[in-house]
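Student: Below are the sequence and a predicted model for it; my questions follow.
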Amino acid sequence: MTTIENTTPEKKSLNFIEVKVENDLVEGKNGGRLQTRFPPEPNGYLHIGHAKAIAMDFGVAKKYGGVCNLRMDDTNPQKEDTEYVEAIKKDIQWLGFEWGKLVYASDYFQELWDFAEWCIMQGRAYVDEQTSEEIAIQKGTPTEPGTNSPYRDRPAEESLRLFREMNTGNIEPGKMILRAKIDMASPNMHFRDPIMYRVLNLPHWRTGNKWNAYPMYDFTHGQSDYLEGVTHSICTLEFVPHHELYDLFVTWMKEWKGETAENGQDIEDNRPRQFEFNKLNLNYTLMSKRNLLILTKEKVVNGWDDPRMPTICGIRRRGYSPEGVLNFIDKIGYTTFDALNDIKLMEAAIREDLNKRAIRVSAVVNPVKLIIDNYPEGQIEELVAINNPELKDAEGNIITEGNTHVIEFSRELWIEREDFMEDGGKKFLRLGPGKEVRLKNAYIIKCDEDASKCIEKDADGNIICIHATFDADSKSGMPGADRKIKGKTLHWLSCAHSVKAEVRNYACLWTCENPRDAIKQYEKENGVRGIDAMRPFLNPDSLTINTEAYIEKYAAELDALTYLQFQRNGYYNVDPDSTPEHPVFNKTVSLNAPKF
RNA sequence: UGGGCUAUGGUGUAAUGGUAGCACAAGACAUUUUGGUCGUCUUAGUCCUGGUUCGAACCCGGGUAGCCCAACCA
């Protein structure tokens, strides 16, 4: 008996799937076992929408002491490739999950075949020799019932012979299919004699030339779940219409295995069951594999891991942390309502996580030179910068142990061009004639009241250099540093101790909130497809590259994918192509700065 | 004139017959060696309509709106 004490009042309520799982466990369904599966088709890269499914499938298993298998849904060899399997595995691991077993739908091909033969001999399946067009017409419409195939009542032995022939390679694809004999008048379109097997005559990347006929999704998924021992088969809402068929095929398979009520078997509670939740929709984001493929092929983006892509590899390179992604998914929850989530909520969740782990560094992205006139030429001071001020001890003091790095101060500095205004007005709290500011971790500096004494301009009137004087008693950490001033604290870099960096800034790829619908409508209205229907909604400024930025040497030497914060600017990440000689940074997301 | 699912502030999500709460967004204030973080406050909601009930976001009826289903894809 467990006692409930110290329950946290802010404990998040369970989502409806977790409630269901808890109840099933309590009721002892499936012998009190919990097993899930994550079933990607290895025909493309995982995206953020998959992350939501992964968080559910692996998350619920982890939470309730069950196991989640990774199952490659590889029933269509013409679309799938081994290339994607490794990428999928990597992405799941990056998100922090472990699978029980790695399995493949193709592992079950033989058993599925034997089961199909049994269905034929039971009179529950038949080989149809009509064309796909004929079959489509006979299927009827959602409002009109379908009609039976002329092959529907052919002898079982004949169907069995033809079915076996379907796998010899001698049958042309499209000539024959195996259909389940269910109900051509069913209001559920999936019950109108669904296709179980089709001829492809293609080798499979795992089973080689063994099969020429391959099972369809509907004839594979539930049965694979059953054979594997899955108890909760959790998927997205668009599979709701498949639910009944899933149950029917599982029931048939149990019958084939001799698990019937007549044999004293539990056919109600001891079986896999399907549960559906809403998939992730994000505004200003396009998620469909087909469209993402077009973006890569048309070179709108630089590959699947372009930081603008919603792929897992894309957001990883962008600098999103797995914890941040999971944080976001936790916030949006799981329901049965088709929501359109605000990308700002995702960014807030990412910021929340990155704030805890990003190393603070100084980067000047639009530099202008600042000379401290009264600082000795050639003098260099080593100053201490805190890596992460959120790292605190029990008393709330910032932990400095192992949480600092050294920065150099000298006479010539880089500061942001926008941190100086010749006539910024009262509300401009940065540098300008007569204004005083603090340089982060260093000194208080001041510009002369006389603009001509603190600003150097070129012939066109552009500011090329700013002059100021420093207060030697105001060094950070010294007693004089406590002096309060009106101005803000600016970040800066010593010219002699900083390196040039490439900074890549990203904005949404799309200019409209719901690109999927916009593209669909544009296709319809203008009779164009693919990239031509996408271009009107593409943001031409989704990527801007700045090669004139400066960064601390310390930051230039950090490993790829290190989480950084460019102070007063945003969160950035070290690109995998970055080198100490040519550092490259990707902007993850800006700081939550108020509009100034 | 098919079947299924759904409807809570601008967005997302809680509340399972008993005080409509939280987060994001927007706006304001305070603090600050990041105009960040942390803190305080403001704005704003149960699709419509009947019914059951002492009492309905919740249960029931009738509307309305949206999504999914007619691939030899998954």
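Tutor: It's in.

Student: near RNA strand B, which residues of the stretch 1-150 of chain A?
Tutor: A:13, A:15-16, A:39, A:41, A:73, A:75-76, A:79, A:105, A:130-132, A:135-136, A:139, A:141-143 (C-beta under 7 Å from any atom of the strand). (Glycine included, C-beta is placed from N, CA and C.)

Student: switch the cut-off to 6 Å
Tutor: When proximity is defined by C-beta under 6 Å from any atom of the strand, the stretch 1-150 of chain A lies next to RNA strand B at A:13, A:15, A:41, A:73, A:75-76, A:79, A:131-132, A:135-136, A:139, A:141-143.

Student: Next up, the contacts around the one residue in the stretch 401-550 of chain A that gets nearest to RNA strand B.
Tutor: Here the stretch 401-550 of chain A gets closest to RNA strand B at one residue, A:S476, 2.8 Å apart by C-beta to the nearest atom of the strand. Neighbouring residues of A:S476 by C-beta atoms under 8 Å, 6 or more residues apart in numbering: A:L383, A:N441, A:A442, A:Y443.

Student: The first one - that's part of a strand, no?
Tutor: Yes. According to DSSP: H, G, I helix; E, B strand; the rest coil, A:L383 belongs to a strand.

Student: who touches it in this structure?
Tutor: Shown in contact with A:L383 (C-beta under 8 Å, 6+ apart): A:V406, A:I407, A:E408, A:F409, A:N441, A:A442, A:S476.

Student: follow-up on the earlier one: what subset of the residues of the stretch 1-150 of chain A next to RNA strand B is buried?
Tutor: A:N15, A:E41, A:D73, A:T75, A:N76, A:I135, A:K139 (16 or more other C-beta atoms under 10 Å).

Student: TSV for those, including secondary structure?
Tutor: TSV is the format used below for these (three-state DSSP):
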residue	secondary structure
A:N15	coil
A:E41	coil
A:D73	coil
A:T75	coil
A:N76	coil
A:I135	helix
A:K139	coil
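
Student: now those in JSON lines, with pLDDT?
Tutor: Listed next are those as JSON lines, based on pLDDT from 0 to 100:
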{"residue": "A:N15", "pLDDT": "95"}
{"residue": "A:E41", "pLDDT": "96"}
{"residue": "A:D73", "pLDDT": "97"}
{"residue": "A:T75", "pLDDT": "97"}
{"residue": "A:N76", "pLDDT": "96"}
{"residue": "A:I135", "pLDDT": "97"}
{"residue": "A:K139", "pLDDT": "96"}
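
Student: Pull the most distant pair out of the residues you listed.
Tutor: Largest separation among those by C-beta to C-beta: A:N15 and A:I135, giving 39.8 Å.

Student: any residues touching stretch A:259-270, and which ones?
Tutor: A:E27, A:G28, A:K29, A:N30, A:G31, A:T251, A:K254, A:G258.

Student: List the buried residues in that stretch.
Tutor: Across stretch A:259-270, burial judged by 16+ other C-beta under 10 Å covers A:E259.

Student: Tell me how far stretch A:323-331 lies from the chain's centre.
Tutor: 10 Å (C-alpha atoms, centre = their mean, to the nearest Å).

Student: Keeping just the C-alphas, turn that stretch into CSV.
Tutor: The C-alpha trace of stretch A:323-331 is given here as CSV (Å, rounded to 0.1, in the frame of the first residue of the first chain):
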residue,chain,number,x,y,z
GLU,A,323,14.8,19.6,-23.1
GLY,A,324,13.4,22.7,-24.6
VAL,A,325,11.6,20.8,-27.3
LEU,A,326,10.1,18.4,-24.7
ASN,A,327,9.2,21.4,-22.6
PHE,A,328,7.2,22.8,-25.4
ILE,A,329,5.4,19.5,-26.1
ASP,A,330,4.6,19.3,-22.4
LYS,A,331,3.0,22.8,-22.6
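
Student: do it and RNA strand B meet?
Tutor: Yes. For stretch A:323-331, a contact with RNA strand B is found by C-beta under 6 Å from any atom of the strand, at A:K331.

Student: Next: stretch A:430-445.
Tutor: Yes. Residues of stretch A:430-445 are located near RNA strand B by C-beta under 6 Å from any atom of the strand, namely A:R430, A:R438, A:K440, A:N441.

Student: is the second one in a bridge, and if so with what?
Tutor: It stands for A:R438. Listed by DSSP bridges, the beta-bridge partners for A:R438 are A:I444, A:T489.
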